[in-house]
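S.K.: build the 3D model from these lines:
(one chain, ligands or ions: 1)
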Amino acid sequence: MGMDIAGAQGVDAKALYRQHCAVCHGEQRTGAMGPALLPESLTRIRPAEVLEVITHGRVATQMPGFAQQLSATELSALAAFIRTPVVPTPRWGDEDIRASRVFHPAPAADPAKPLWTADPMNLFVVVEGGDHHISLLDGDKFEVITRFPSRFALHGGPKFTPDGRYVFFGSRDGWITKYDLWRLRVVAEVRAGLNMRNVAVSGDGQWVMAANYLPHSVVLFDADLNLKKTYPAATLDGKQTSRVSAVYDATPRQSFVVALKDIPELWEISYSPKAEPIYDGLVHDYKMGESIAKPGFLGVRRTPLDEPLDDFFFDQSYRHALGATRPKTGDGAATAQVVNLDVRRKIADLPIAGMPHLGSGITFAWKDSTVLASPNLKDGAIDVIDMKTWEPVGTVPTPGPGFFMRSHENTPYAWTDSMMSPKARDTMTIIDKATLKPVATVREPGKTLAHIEFTKDGRYALASVWEMDGALIVYDAATFKEVRRLPMSKPVGKYNVWNKITRSEGTSH
Ligand code: HEC
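M.R.: Presented below is the predicted three-dimensional model:
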């Protein structure tokens, strides 16, 4: 019936799934020992790769190949089947979240000090997406302190507590892991949803918030991952629900800011006990006469927008959220906009063509102003915009569209990749922040070179050779010379404790 695409070929894909796959991937395809196999979880994998994995398995993992047991028709029917939605939509309620939580109390008399001797503020957490591991790196000696398995497919950057002791990881399949960087152990885990975008940690270290695609929700936890509150991602009248694009902490505002993918609203959820009450009626529609105050603390303050925002970042004052909208149709145009979080409305459109990747934008001082620079997923160009006037001040050409951009207060340069370009994905471009001109490139011919993070002092830039058989390359940030190379399994991201907890202007979130 309905979605049974393989039916025409006389193959019952659903029955095959139940027989061969459910034991590891779950009856509902929401994951078990193996990862979730939902349309939402498979968007990042090409259909050909899915078929390849089912046919031949994945080396060095528990995913077996089925070439011997199943016919070509059956294999492709299964590959198509796992890309169809599960009907009815799988549920993941508060009781499921609570039941999933695992907590490992600290051993008695466990001292509150690191098990290692490195500078705790100059650690790097490196996410190795290839074989789903984390490496903890000493940022002075460039030596791996420990390496441990992560949940399958971490998503969004890891987030540190303000003291730099704990880090929270979010996985594509909705797991949040709290890890103690000093004692090198997992403290707690919880499954916040079935398909999650990212997690945020409050500036006071007391709260953790998760943004889900499935179910349509934002979920709030305390610092030990006890469920505190689930917010359905819905319009005020509850008539429409939405996937949640992202949640970020806005420490100076004592709030989380949440972007919704399908509803034109930006949410702010304050964790300040002194937060002003919320008057929804005033924001939405005077005629509703619904201006009864709701408590501001942990309440949803809605900013209505013209279009839903995708990823976003904040200016240094945290008064503005700078976000991109995605075209609704293939040939529609993406736009970028500035939302003032205090007056709660859009105050400017950003003059950026193509598809700005504002989630990776950075800000820096330029002449007597501050500018925003953002990579572009569609064009080989970095757009630079004055944050006083919101007017463009320059465009820096790069050899191809890129994804990440980084700088540091102590370096005159910003580094950006061209990883979205088939030709130039091996090239990192180094830009002079004063002249807004490219001054050098570093290359890893034939490989993807992407994602930069600086050491605490800004003296070294760490880049990823983004391959299964990849590496972390340490460059001298002044001479651009390679000083160290560490083998890593597709190091998709690296995060410096100091740069993150001090909200360095050269780094996003
Ligand atoms: C013995 C357990 C097991 C069985 C049985 C199994 N899988 Fe898997 N599968 C896994 C594991 C574990 C992974 C994750 C591998 C990795 O680390 O990349 C996986 C990964 C996958 C992936 C890649 C997912 C991604 O996001 O990268 C697909 C697709 C997949 N399996 C499909 C299937 C299908 C279809 C079947 C049934 C025909 C099946 N699997 C049977 C354990 C299993």
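
S.K.: what about Asp349, neighbour count?
M.R.: 12 (other CB atoms under 10 Å). No exception for glycine: its C-beta is placed from N, CA and C like everyone else's.

S.K.: in the helix or strand containing it, what counts as buried?
M.R.: Asp349 belongs to strand 345-350 when assigned by DSSP states H and E. Using 16 or more other CB atoms under 10 Å as the test for burial, strand 345-350 gives Lys346, Ala348, Leu350.

S.K.: now stretch 451-458
M.R.: So, applying 16+ other CB under 10 Å, buried residues of stretch 451-458: His451, Ile452, Glu453, Phe454, Thr455, Lys456, Gly458.

S.K.: ok now that stretch, how far from the chain's centre?
M.R.: Centroid displacement of stretch 451-458 relative to its chain, using CA atoms, centre = their mean, to the nearest Å, is 19 Å.

S.K.: can you list the residues that contact it?
M.R.: Stretch 451-458 has contacts (CB atoms under 8 Å, 6 or more residues apart in numbering) with 119, 121-122, 124, 139-140, 403-411, 415-417, 428, 460-464, 466, 477, 491-499, 504, 506-507.

S.K.: ok, of these, which come out buried?
M.R.: Here, 16+ other CB under 10 Å leaves 122, 124, 139, 403-408, 411, 415-417, 428, 460-464, 466, 477, 491-499, 504, 506-507 buried among the contacts of stretch 451-458.

S.K.: keep only those of those that are in helices.
M.R.: In this view, the buried ones among the contacts of stretch 451-458 that belong to helices under DSSP state H are Val497, Trp498, Asn499.

S.K.: which among these gets closest to the ligand?
M.R.: Distance to the ligand, by CB to the nearest ligand atom, is smallest for Val497 among these, at 27.5 Å.

S.K.: now do the closest one, the pLDDT please.
M.R.: The model reports Val497 with a pLDDT of 97.

S.K.: what values do phi and psi take at Thr15?
M.R.: Careful, residue 15 is Ala and not Thr. For Ala15, the backbone dihedrals (degrees, to the nearest 10) come out as phi -70, psi -40.

S.K.: now do the buried residues in stretch 306-326.
M.R.: For stretch 306-326, the neighbour count (16+ other CB under 10 Å) marks 308-315, 318-326 as buried.

S.K.: pLDDT on that stretch, on average?
M.R.: Stretch 306-326 comes out at a mean pLDDT of 89.

S.K.: that stretch: end-to-end distance?
M.R.: End-to-end span of stretch 306-326 (CA to CA, to the nearest Å): 12 Å.

S.K.: roughly how far out does that stretch sit from the chain middle?
M.R.: 15 Å.

S.K.: dump the buried residues of strand 345-350 into JSON lines; add distance to the ligand as well.
M.R.: As requested, the buried residues of strand 345-350 are arranged in JSON lines below (distance: CB to the nearest ligand atom, whole Å):
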{"residue": "Lys346", "distance to the ligand": "36"}
{"residue": "Ala348", "distance to the ligand": "39"}
{"residue": "Leu350", "distance to the ligand": "34"}
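
S.K.: adding pLDDT, write those out as TSV.
M.R.: Below are these laid out as TSV (pLDDT from 0 to 100):
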residue	pLDDT
Lys346	93
Ala348	92
Leu350	86
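
S.K.: distance to Gly446 for the residues you listed - can I get that in a markdown table?
M.R.: Shown next, in a markdown table, are the buried residues of strand 345-350 (distance: CB to CB, whole Å):
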| residue | distance to Gly446 |
| --- | --- |
| Lys346 | 43 |
| Ala348 | 42 |
| Leu350 | 35 |
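
S.K.: which one among those residues gets closest to Val59?
M.R.: Relative to Val59, the closest of the buried residues of strand 345-350 is Leu350; by CB to CB it sits at 44.6 Å.

S.K.: wait, that closest one sits on Val384?
M.R.: No. Using CB atoms under 8 Å, Leu350 makes no contact with Val384, being 11.1 Å away.

S.K.: residues from the stretch 1-150 of the chain in reach of the ligand?
M.R.: Contacts of the stretch 1-150 of the chain with the ligand, taken as CB under 6 Å from any ligand atom, map to 20-21, 23-25, 33-35, 37, 41, 45, 50, 53-54, 58, 61-64, 66, 78, 82, 132.

S.K.: filter the residues you listed down to the ones in helices?
M.R.: Of those, the ones assigned to helices by DSSP H are His20, Val23, Cys24, His25, Val50, Val53, Ile54, Leu78.

S.K.: which of these are buried?
M.R.: Buried members of these, counted by 16+ other CB under 10 Å: His20, His25, Val50, Val53, Ile54, Leu78.

S.K.: run the chain-centre distance for stretch 427-435.
M.R.: On the basis of CA atoms, centre = their mean, stretch 427-435 sits 25 Å off its chain's mean C-alpha point.

S.K.: buried stuff in it?
M.R.: Thr427, Met428, Thr429, Ile430, Ile431, Lys433.

S.K.: contacts for that stretch, please.
M.R.: By CB under 8 Å, 6+ apart, stretch 427-435 touches 364, 366, 373, 382, 396, 398-400, 402, 407, 412-418, 437-443, 449-450, 452, 463, 480.
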